[in-house]
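**Student:** After the sequence you'll find the predicted model.
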Amino acid sequence: MMNIDDFYKEWNNPSDKMLVHTSGSTGKPKPIWVEKSRMEASARITCDFLGLQEGDTALLCMSLDFIAGKMMVVRSLVRGLELIVSSPSGHPLSNEKWQEIGMNDITFAAMVPLQVYNSLQVPEEQERLKRIKHLIIGGGAIDDELAQALKTFPNIVWSTYGMTETLSHIALRRLSGNDSSDWYTPFPSVNISLDNDGCLVIDAPLVCTEILKTNDIAEIRNGQFRILGRKDNVIVSGGVKIQMEEVERLLKQHIKNPFLITKRKDNKFGEIVALLTTDNTDEAKAICERVLPKYWQPRAYLSIKEIPLTPTGKPARKEAERIAEVQVNG
């Protein structure tokens, strides 16, 4: 795992590029080389949007192996922020971590949804979270329950949209206050459109050399967009297209234990919906039959020890598919 000294050494070497790795949410993580000048451009865009000033404090509590962690350091370098470094943890604001970072007030922090969720479960950590002036959350979906909990926060909380190829985020949506929304607002230098499959297309010349065609099925309205799900997360079962994320969104209101929707090959239907759960499958089945439309209901329920996740906390979709196939055929 890269540490802060490793990062500075690589950042200050003669090369004009830096090696980063994709998150691996839809397959194996892959290495890509990105220009340091474009990382600096991305950092300036975010700092300008949030109004960050020299001397503001920035908390680094994410892994430097991935773009989100690297960009926190670059933002501190570009804007002259006071970087507070804390080793990655599921509870970045625990008493132990709070002592480690010197109990400083934090102007700006970036976290994944799991870190935010964990912090909300502990009163002292929740209060520290509320004191962060600008909190950005990325690296995974924010469910309705988490969004609702953050809506009442006194300071500003954002959900980010982006990927390794765009050097972190190119759009933000507000989660806290009266301006909270499901719609992302792209940065002024970013243009968006949809391809023939309804997937989002990003033109962000300051941070990405090419127009990027994503696999995210989206809707655009008045220059903003919202994500409906990923193209590769569509299950075609008996001719009916089913979006995994939409099924999960409905079920999260009712299933409390960890679960994941995936797919499995089927001779009759082509593909079927499968549900992986760490809980009792009979209970999950009863809930699905009660709350889901008939054609969205899983035809396979599999109990597993833990839900497969990527190193950044996203659902590991390919691994989930493999598990569904192995449990049936193995």
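**Tutor:** Received, thanks. Numbers count the residues shown, from 1 in each chain.
**Student:** host element of the closest residue to Ile217 other than its chain neighbours?
**Tutor:** Nearest residue to Ile217 in three dimensions, chain neighbours excluded: Leu228, at 4.6 Å (Cβ to Cβ, 6 or more residues apart in numbering). In this view, the C-beta of every residue, glycine as well, is placed from N, C-alpha and C. Using DSSP states H and E, Leu228 maps to strand 224-230.
**Student:** same check, this time on Glu127
**Tutor:** helix 123-130.
**Student:** Which elements pack onto the following helix or strand past that helix?
**Tutor:** Proceeding N to C from helix 123-130, the next assigned helix or strand is strand 134-137, under DSSP H and E. Judged by 3 or more Cβ pairs under 8 Å, 6 or more residues apart in numbering; DSSP states H and E, strand 134-137 is in contact with strand 108-111, helix 113-120, strand 156-163.
**Student:** Quote the end-to-end distance of stretch 53-63.
**Tutor:** End-to-end distance for stretch 53-63: 24 Å, by Cα to Cα, to the nearest Å.
**Student:** wait, I meant stretch 153-166
**Tutor:** First-to-last distance for stretch 153-166 - Cα to Cα - comes to 28 Å.
**Student:** Off-centre distance for that stretch?
**Tutor:** Offset of stretch 153-166 from its chain centre (Cα atoms, centre = their mean, to the nearest Å): 9 Å.
**Student:** Report the mean per-residue pLDDT for it.
**Tutor:** Averaging the model's pLDDT scores along stretch 153-166 yields 93.
**Student:** What of stretch 214-234?
**Tutor:** 92.
**Student:** can I get the CA coordinates of that stretch in PDB?
**Tutor:** Output in PDB follows, covering the C-alpha atoms of stretch 214-234 (Å, rounded to 0.1, in the frame of the first residue of the first chain):
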ATOM      1  CA  THR A 214     -19.400   5.400 -20.000                       C
ATOM      2  CA  ASN A 215     -21.600   2.400 -19.200                       C
ATOM      3  CA  ASP A 216     -23.800   4.500 -16.900                       C
ATOM      4  CA  ILE A 217     -27.400   4.700 -18.100                       C
ATOM      5  CA  ALA A 218     -28.400   8.300 -17.400                       C
ATOM      6  CA  GLU A 219     -31.100  10.900 -17.800                       C
ATOM      7  CA  ILE A 220     -30.200  14.500 -18.700                       C
ATOM      8  CA  ARG A 221     -32.400  17.500 -17.800                       C
ATOM      9  CA  ASN A 222     -31.500  21.200 -18.000                       C
ATOM     10  CA  GLY A 223     -27.800  20.500 -18.200                       C
ATOM     11  CA  GLN A 224     -27.900  18.200 -15.100                       C
ATOM     12  CA  PHE A 225     -27.900  14.400 -15.100                       C
ATOM     13  CA  ARG A 226     -28.900  11.500 -12.900                       C
ATOM     14  CA  ILE A 227     -27.700   7.900 -13.000                       C
ATOM     15  CA  LEU A 228     -30.200   5.100 -13.400                       C
ATOM     16  CA  GLY A 229     -27.700   2.200 -13.300                       C
ATOM     17  CA  ARG A 230     -24.900   0.600 -15.300                       C
ATOM     18  CA  LYS A 231     -25.400  -0.900 -18.800                       C
ATOM     19  CA  ASP A 232     -23.500  -4.000 -17.800                       C
ATOM     20  CA  ASN A 233     -25.700  -4.400 -14.700                       C
ATOM     21  CA  VAL A 234     -28.800  -5.000 -16.900                       C
END
